[in-house]
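sequence plus the predicted model coming up.
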Amino acid sequence: MKTSRFRSRLLSSVVDAVGNTPLVRLDRVTKEAPSVEVYLKLEFCNPGGSVKDRPALRMMQDAIADGRLTSDKILIDATSGNTGVAYSMLGAAMGYQVALVMPKNVTKARKDITQAFGTEIIYSSPMEGSDGAIRVVREIVNKEGDKYFYPDQYSNPSNPLAHHDGTAAEVLDALGDRITHFVAGLGTSGTSMGTTRRFKRHTSPVHCVAVEPAEALHGLEGLKHMESSLVPEIYDANVPDEVMPIGTEDGWDMSDRLSAEEGLHVGHSTGANVFAAVKIAERLHRERGGGCVVTIACDRGDRYFAPMKWERQYVW
């Protein structure tokens, strides 16, 4: 076992812990493509536990800088969970009130985590998913616009910029010209749009693949089937080189494999990302005999479980 001496980073706030997440090479789930490197960027290592810490922070910082977010306004947005956790954590750390509109059927873990930071939750129809939450938050803001700052993660250019300036830059710093392919799922589409645009300016070509659910009714929470959804304004279908549809079972099965074979307990959108990355790696192994594929671990699998209730007990 290799050991090393290092100095821990000193941070002035939890806000400073966002970004600079590690890349881990996948070995066992890629055994059919031994000539291809496949790396997973562990975005669950962000302090809020997901990739959404990056855009949430960038949207808040940009709004503070230009005066849209002030101490007398409540930040409100629609979310299926992870962005809401990020807003809640950052709001608590930076001193801003947060309210979230989310479908009533989001996981109990996400509801509990956001409320632990003091966030108000407004529930939308469980049958309408993230699109229903978007409609509700727009109605609220239209009625009481002066009360709220509405970043609107689905149309805010700061969302993809967080990945253009952060996620992509970190990958290139670690791998440089070795990277040949990049894979990211489509939810708000910020990760895919921002990172892909940065890779398109890289000195060597990077083939960028966007992952979406294969069907309108799916179980890949956080991902959007674009044809049947409200398409985010930040999404441009011409940016990715390829769109790969992934079935729910494939995403769920890969999540299970990552836990059992790689020691990585991740959510189902990550499973879909890795399933696509492995398929690309196997194709590269057959056709080219090499390559380097990078994809995103969006969050941890424990976020999809109901946590145990903590009860204080005193014995006198």
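Alright, I've got the coordinates. Numbers count the residues shown, from 1 in each chain.

C-alpha from now on. contacts and neighbour counts both.
OK.

what about Q115, how many neighbours?
The number of residues packed near Q115 is 19, by other CA atoms under 10 Å.

do N238 as well
8.

for it, give its distance to A210.
Distance of N238 to A210, computed by CA to CA, to the nearest Å: 11 Å.

which parts of the protein are helices?
Assigned by DSSP state H, the chain shows helices spanning 53-66, 82-94, 108-116, 129-143, 158-162, 168-175, 190-199, 248-257, 268-287.

got the buried residues for the first one?
Along helix 53-66, these residues count as buried under the neighbour rule (16 or more other CA atoms under 10 Å): 53-60, 63.

kindly reformat the residues you listed as JSON lines containing pLDDT and distance to R283.
Output for those, formatted as JSON lines (pLDDT from 0 to 100; distance: CA to CA, whole Å):
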{"residue": "D53", "pLDDT": "98", "distance to R283": "33"}
{"residue": "R54", "pLDDT": "98", "distance to R283": "31"}
{"residue": "P55", "pLDDT": "98", "distance to R283": "32"}
{"residue": "A56", "pLDDT": "98", "distance to R283": "35"}
{"residue": "L57", "pLDDT": "98", "distance to R283": "37"}
{"residue": "R58", "pLDDT": "98", "distance to R283": "36"}
{"residue": "M59", "pLDDT": "98", "distance to R283": "38"}
{"residue": "M60", "pLDDT": "98", "distance to R283": "41"}
{"residue": "A63", "pLDDT": "98", "distance to R283": "43"}
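
of those residues, just say which sits nearest to P151.
Nearest to P151 among the buried residues of helix 53-66: M59, at 6.6 Å, using CA to CA.

quick check: that closest one vs A237, distance?
For M59 relative to A237 (CA to CA), the value is 23 Å.

likewise for A65?
According to CA to CA, A65 and A237 sit 30 Å apart.

try I64
30 Å.

just G251 next, same as before
Applying CA to CA, the value for G251 to A237 is 22 Å.

next: S50.
Here S50 is placed at a distance of 24 Å from A237 (CA to CA).

please say which of those two ends up with more neighbours.
It is S50, of S50 and A237, that has more neighbours when counted by other CA under 10 Å, with 23 against 12.

the helix or strand bottoming out on mean pLDDT in the chain - contacts with which helices or strands?
Counting by mean pLDDT, DSSP states H and E, the chain has its least confident helix or strand at helix 108-116, which shows a mean of 88. Applying 3 or more CA pairs under 8 Å, 6 or more residues apart in numbering; DSSP states H and E, we find helix 108-116 packed against helix 82-94.

which parts of the helix it packs on are buried?
Neighbour-count burial for helix 82-94, counted by 16+ other CA under 10 Å, picks out 82-92.

next, the angle from that helix to helix 53-66.
Relative orientation of helix 82-94 versus helix 53-66 (axes from the mean of the first three to the mean of the last three CA atoms, to 10 degrees): 50 degrees.

name the residues that touch helix 82-94?
13-15, 48, 50-53, 56-57, 77-78, 97-98, 100, 110, 113-114, 117-119 (CA atoms under 8 Å, 6 or more residues apart in numbering).

kindly report the same for stretch 98-110.
Around stretch 98-110, the neighbours that count as contacts under CA under 8 Å, 6+ apart are 74-82, 84-85, 87-88, 91, 118-130, 132-134, 136-137, 303-307.
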